[in-house]
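**Q** Return a 3D structure for these sequence lines:
(one chain, ligands or ions: 1)
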Amino acid sequence: MKFFIDTANVEEIRRANEMGIIAGVTTNPSLIAKEGRDYAQTLREIASIVDGPISGEVKATTEKAEDMAREGEEIFALDPRHMVVKIPMTAEGLKAIRLLSAKGIPTNCTLIFSANQALLAARAGAAYVSPFLGRLDDIGQTGIELVQTIAQMFSNYPDISTQIIAASVRNPIHVTDCALAGADIATVPYKVLEQMIRHPLTQSGIEKFKADYCAVFGE
Ligand code: G3P
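**A** So this is what the prediction gives:
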């Protein structure tokens, strides 16, 4: 399983990229709005930092397939080497995915909450599907089961090349579960990446090595 970072904060993206742990970035309208900067400029800057797929979502106000496809082309044009157009899972969204994939523009179908939605998005030509596990957990359904089911479903059909991006990842247990469930990618907020790095025994081990070394060899 690869890691993408789920943020529009360029400082977090830079830090994660410098550690060599991320292969791409996902954003959404809420994440970009939180940064309070220009939408297109933020995406362009992110694409200049990370050499991998960068998901930029069509604006939440766009609902018609043709409008989403037009906006998707603009997002793709920001950096055709990296940009992936994120499209919400609706009937119009599926049509937009088909229009964009016919032009060779990769798409990420977002807001996936059922296995059937994922299968439909794959058949429409989505390069990625994004099941949201944390938001399912929030309403009392076991989100990881959705990732497992999609992975099993896609593996039954070798002609499906759509990759699964496990999204709405909220904690390190989610990350391990995603890897066991067969997600191709987990898109993880910076805070969760930090939580994954840290372990109290690693920290106390470093302190002990330091104390033992300094006791004999000095500072
Ligand atoms: O990028 C979409 C997704 O990861 C959002 O996560 O925590 O807002 O449900 P969350």
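**Q** For the protein, which residues are neighbours of the ligand?
**A** 6, 26, 28, 132, 134-135, 167-168, 170, 187 (C-beta under 6 Å from any ligand atom). Where C-beta positions appear, they are placed from N, C-alpha and C, glycine not excepted.
**Q** Quick one: buried ones out of those?
**A** 6, 26, 28, 132, 167-168, 170, 187 (16 or more other C-beta atoms under 10 Å).
**Q** Take those and write them to TSV, including secondary structure.
**A** Output for these, formatted as TSV (DSSP: H, G, I helix; E, B strand; the rest coil):
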residue	secondary structure
6	strand
26	strand
28	coil
132	strand
167	strand
168	coil
170	coil
187	strand
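**Q** Quick check: residue 144 vs the ligand, distance?
**A** The gap separating residue 144 from the ligand is 14 Å, by C-beta to the nearest ligand atom, to the nearest Å.
**Q** where do the helices sit along this protein?
**A** For the chain, the helices defined by DSSP state H cover 10-18, 29-35, 39-49, 65-77, 91-102, 115-124, 133-138, 143-155, 172-181, 190-197, 200-217.
**Q** got the angle for the first one vs helix 39-49?
**A** Per axes from the mean of the first three to the mean of the last three C-alpha atoms, to 10 degrees, the angle that helix 10-18 makes with helix 39-49 is 20 degrees.
**Q** ok, and what's touching helix 10-18?
**A** Helix 10-18 is contacted from outside by 5, 7, 22, 25, 35, 42, 45-46, 49-50, 190, 193, using C-beta atoms under 8 Å, 6 or more residues apart in numbering.
**Q** Quick check: mean pLDDT of that helix?
**A** In this model, helix 10-18 has an average pLDDT of 98.
**Q** The last one now?
**A** For helix 200-217, the mean pLDDT works out to 98.
**Q** buried residues in it?
**A** The neighbour-count check on helix 200-217 (16+ other C-beta under 10 Å) flags nothing as buried.
**Q** Then stretch 25-45?
**A** For stretch 25-45, using 16+ other C-beta under 10 Å, the buried residues are 25-29, 31-32, 39, 42-45.
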